[in-house]
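J.: Would you be able to build a 3D model of this:
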Amino acid sequence: MKKVLSIFLLFFLIITFNSCEKRSQGLTITKGVLTVGVEVGYPPMEYYDTDGITLLGFDIELTKALAEKLGLEVRYIDTAWEGILAGLDANRYDIAVNITILPERERRYNFTKPYISSWMTIVTNNNSSFDINMVEDIAGLKAAFQGDTTAQYFAEGLAGYGIIFTQYSYDKIIYCFEELRLGRVDFIIVDNIAASYYIERENSPFQIAWQGPPHEYIGFCLKKGNDALTTAIDNALDELYKDRTYEYIYNRIFNKDFIIGRY
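T.: Presented below is the predicted three-dimensional model:
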C-alpha cells in the first residue's frame, strides 16, 4: 500500500511540475525566470529590510506566489520610478509592479486584472496648525509628492481647478515624509496604502487630514502585446484568490481591511 501511495505521489508531483512548466514555457524573457521591475522604497508595497538587502512588502510576496503558480523563479530589478515603464520597453524585465491602471497607460502597455485598489489622501503632521477638511483648504500651502505618480496628476488636477498651492516633487515617497517631518512642507499627497504605513508606525508624527473616494486600481504592467504572459498571470491571480493565498498575504501585510479589492 505504501509503495502504491509513493508511486501516486511521485506521479502527482511530475504532473504538477510539467503543468507549471508548460504554462510558463516561452512566456518570459529569461527561460524559467519571472523578472520583476520594482521601485524599492515604497512601503508597505516594496522596501528593503533593515539589513538593506532583503526585499519585503506586499508586491514582493505576491509576485513570489505568482511565480510559484507559474512554475518560475523570480528575480527583482530595482529601478528608479521615472524609468520603470521604459524598462518594459527595453525588455529589462517581464512585469512592473504597483502601477496604477490609467487609460493613457493602457494604450501603451498591457495590464493584468487589478490586484489592489487605493485612493488619494492628504497627510499632515500631528501638530499641524492647518485645518484641512476639504481639498480647497490646501490653497496657499506647500505640498510634497512623488513625481510622475497619480499623486502628481492629482495635484496638477487641483491646480487646474484653481486650487493654487506650491508643489514639490521628489524621487521617492520616503523623502516626502522626511520633508514633512522637518516642517519644510505643509502636507503630502499620497495614496492611502503608503499613508497608513507611515501613520501606523509607533510614535508616528503624521496623520491623515483628508482622503478621497476609492478610484485607483493597481495591476501588473507588461510590454504591449505580451498577451500570453498577461493571461497566465491573470489565471494565477485567480488561483491565488481561490486558494486564499492572496488573502493570507494581504492580511499579513496590511492587518486591516482598509483597501477595497476588485475581485
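
J.: Need the three-state assignment for the most centrally placed residue in the chain.
T.: Geometric centre of the chain, nearest residue: residue 98, 2.6 Å, by Cα atoms, centre = their mean. Three-state call for residue 98 (DSSP: H, G, I helix; E, B strand; the rest coil): strand.

J.: all helices for this protein, in order.
T.: Here the chain has its helices, by DSSP state H, at 2-24, 58-70, 84-89, 103-106, 150-160, 173-181, 192-199, 227-242, 245-254.

J.: Need those in CSV (columns: mean neighbour count).
T.: Every C-beta, even on glycine, is put in place using the N, C-alpha and C of the backbone. Listed next are those as CSV, based on neighbours: other Cβ atoms under 10 Å:
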stretch, mean neighbour count
helix 2-24, 11
helix 58-70, 21
helix 84-89, 18
helix 103-106, 10
helix 150-160, 17
helix 173-181, 20
helix 192-199, 22
helix 227-242, 18
helix 245-254, 16
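
J.: Pipe these into a markdown table and attach mean pLDDT and distance to residue 140 per row.
T.: Below are the helices of the chain laid out as a markdown table (pLDDT from 0 to 100; distance: least, Cβ to Cβ, whole Å):
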| stretch | mean pLDDT | distance to residue 140 |
| --- | --- | --- |
| helix 2-24 | 43 | 54 |
| helix 58-70 | 98 | 36 |
| helix 84-89 | 97 | 33 |
| helix 103-106 | 96 | 31 |
| helix 150-160 | 96 | 12 |
| helix 173-181 | 97 | 17 |
| helix 192-199 | 94 | 22 |
| helix 227-242 | 97 | 44 |
| helix 245-254 | 92 | 35 |
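
J.: any chance of these in JSON lines, with distance to residue 134 too?
T.: What follows is the helices of the chain, written out as JSON lines (distance: least, Cβ to Cβ, whole Å):
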{"stretch": "helix 2-24", "distance to residue 134": "49"}
{"stretch": "helix 58-70", "distance to residue 134": "30"}
{"stretch": "helix 84-89", "distance to residue 134": "33"}
{"stretch": "helix 103-106", "distance to residue 134": "27"}
{"stretch": "helix 150-160", "distance to residue 134": "11"}
{"stretch": "helix 173-181", "distance to residue 134": "20"}
{"stretch": "helix 192-199", "distance to residue 134": "17"}
{"stretch": "helix 227-242", "distance to residue 134": "36"}
{"stretch": "helix 245-254", "distance to residue 134": "27"}
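
J.: right, and these - which one's nearest residue 31?
T.: Minimum separation from residue 31 across the helices of the chain (Cβ to Cβ) falls at helix 2-24, 8.9 Å.

J.: list the contacts for the nearest residue to residue 240 once chain neighbours are set aside?
T.: Using Cβ to Cβ, 6 or more residues apart in numbering and skipping the chain neighbours, the partner closest in space to residue 240 is residue 246 (4.4 Å). For residue 246, the contacting residues are 62, 65, 115, 237, 240, by Cβ atoms under 8 Å, 6 or more residues apart in numbering.
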